[in-house]
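>>> any chance you can model this:
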Amino acid sequence: MAQASGIGTYIRGLLGAFSACRPASLTLTLITGKDDGVDGDWTRIPLSARFYSPSEQVAVPWAFRRSGAKLLHSPHYNLPVVLASRCVVTVHDLIHLKFPQFLPSRLAWIYAQSVFRQWIPRARAILTVSENTKKDLIETLGIPESKITVTPPGVPDGFHPLAPADYQPALESLKLPKGYFLYVGNLKEFKNVPRLLEAYRRLRQKKMYAPPMVFVGENFIPGFDRELENTPYVRWFPDLDRGALPAVYAGALALVFPSLYEGFGLPPLEAMACGTPVICSNRASLPEVVGDAALQVDPLSLDDLVNAMKRLCEDTALAGVLSAKGLQRAAQFTWDTTAAKTLDVYRRCS
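As a prediction, this is how the structure comes out:
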């Protein structure tokens, strides 16, 4: 699971911080696949079961007993049911409950309902990445507040301001000019990317020389790939190497992130850490991530999106203010803090 996008960033960041702050008295064993993407000299128990599969519900408990550990931390909601009472589980969001229409099958819906409503309430402790998801857990599932600890993620390694000489080669290799609007993340309905594309089209009608629009992320919306490819001045990179992302952020005029729902919202944090201005939704967790360091918009309003993008096209002073505020805001999110809070939960649950 360490290779999965947002969850993978969470796992790698947390383990990286554990390497520096974990007490000698605490032994950690990773139950993981062969190519997990995790650095460090960790004791590992290999796992070949597919995520969310029945075999995972057998293989993980077997590996846990083999490890001799007292506590299992599941970094995503797919905790093993037979070990629920011995688990700390990280719940990043309740997307599968709030947007069931986007699940791939009826079976996936049944699985999500069972895990969230029957298994997760039995966990020894619950970690989550935002106050908004904590509120969702309390209001939707009736989880006691005392059982939930908010541990926001830190800025991923490599995301910091870059000089033009450092990011320009990447832009040239991608054939990107400096100063484009940028979206980073999976292309899904609840991410509101169809409305973002329409907002960009309207911006081009109002402002002929508006910057290009760049989408970075895998598409999950049938037919949306053709819309992207057929819209002038739009570029789409479905499988951009993550190592190139800091340079792509650095070359952008602004990140535009109008998502309808996020458990946290890593792209705005990454953009702020790179000094890139942010336009984002005023929904769910995003206001607590960006604070006053971004232009917040109603994600259902095309006019709001168009006007915010137009403002940043025309107001270089505003872009500079948002860049400076974003850097200050991003500095508040560190993996050391995440790790310290997580270790405290481990101690209380052991």
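>>> okay, the spatially closest residue to residue 184 that is not a sequence neighbour: pLDDT?
Sequence neighbours aside, residue 267 is the residue nearest to residue 184 in space, at 4.2 Å (criterion: Cβ to Cβ, 6 or more residues apart in numbering). Every C-beta, even on glycine, is put in place using the N, C-alpha and C of the backbone. With respect to pLDDT, residue 267 scores 97.
>>> for residue 23, what are its contacts?
residue 343 (Cβ atoms under 8 Å, 6 or more residues apart in numbering).
>>> for it, grab phi and psi.
With angles defined as degrees, to the nearest 10, residue 23 sits at phi -70, psi 150.
>>> next one: the one 4 residues further on
Note on residue 27: backbone dihedrals following degrees, to the nearest 10 are phi -100, psi 130.
>>> hang on, residue 149 packs against residue 123?
No: at 11.7 Å, residue 149 does not count as touching residue 123 under the criterion of Cβ atoms under 8 Å.
>>> compare the two and say which is more crowded by neighbours.
Using other Cβ atoms under 10 Å, the more surrounded residue of residue 149 and residue 123 is residue 123, with 24 against 17.
>>> quick one: pLDDT of the more buried one?
97.
>>> distance of it from residue 148?
Distance of residue 123 to residue 148, computed by Cβ to Cβ, to the nearest Å: 10 Å.
>>> and if you look at residue 124?
12 Å.
>>> same thing with residue 312?
Residue 312 is 36 Å from residue 148, by Cβ to Cβ.
>>> so residue 101: helix, strand or coil?
What DSSP: H, G, I helix; E, B strand; the rest coil gives for residue 101 is helix.
>>> now do it against residue 109, distance only.
The spacing between residue 101 and residue 109, counted by Cβ to Cβ, is 9 Å.
>>> if you count what's nearby, which of these two comes out ahead?
residue 109 (15 against 8).
>>> ok but that one is inside a helix, no?
Yes: with three-state DSSP as the criterion, residue 109 is part of a helix.
>>> and it, what is it in contact with?
With Cβ under 8 Å, 6+ apart, residue 109 has these contacts: 96, 100, 103.
>>> min pLDDT across those residues, which one?
Scoring these by pLDDT puts residue 103 last, at 84.
>>> name the next helix or strand downstream of the strand or helix carrying residue 132, please.
Using DSSP states H and E, residue 132 maps to helix 131-141. As assigned by DSSP H and E, the chain's next helix or strand after helix 131-141 is strand 148-150.
>>> now the helix or strand just after that next one - C-alpha only, PDB.
The helix or strand immediately downstream of strand 148-150 is helix 164-174, counting by DSSP H and E. Extracted in PDB, the C-alpha atoms of helix 164-174 (Å, rounded to 0.1, in the frame of the first residue of the first chain):
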ATOM      1  CA  PRO A 164      14.500  28.700 -12.300                       C
ATOM      2  CA  ALA A 165      17.700  26.900 -13.200                       C
ATOM      3  CA  ASP A 166      16.500  23.900 -11.100                       C
ATOM      4  CA  TYR A 167      13.000  23.600 -12.500                       C
ATOM      5  CA  GLN A 168      13.400  24.800 -16.100                       C
ATOM      6  CA  PRO A 169      15.000  21.600 -17.500                       C
ATOM      7  CA  ALA A 170      11.900  19.600 -16.300                       C
ATOM      8  CA  LEU A 171       9.600  22.100 -18.000                       C
ATOM      9  CA  GLU A 172      11.500  21.900 -21.200                       C
ATOM     10  CA  SER A 173      11.500  18.100 -21.200                       C
ATOM     11  CA  LEU A 174       7.700  18.300 -20.800                       C
END
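>>> helix 164-174: which residues count as buried?
By neighbour count on 16 or more other Cβ atoms under 10 Å, the buried set for helix 164-174 is 167, 168, 170, 171.
>>> equivalent analysis for stretch 340-350, please.
Buried-residue list, stretch 340-350, by 16+ other Cβ under 10 Å: 342, 343, 345, 346.
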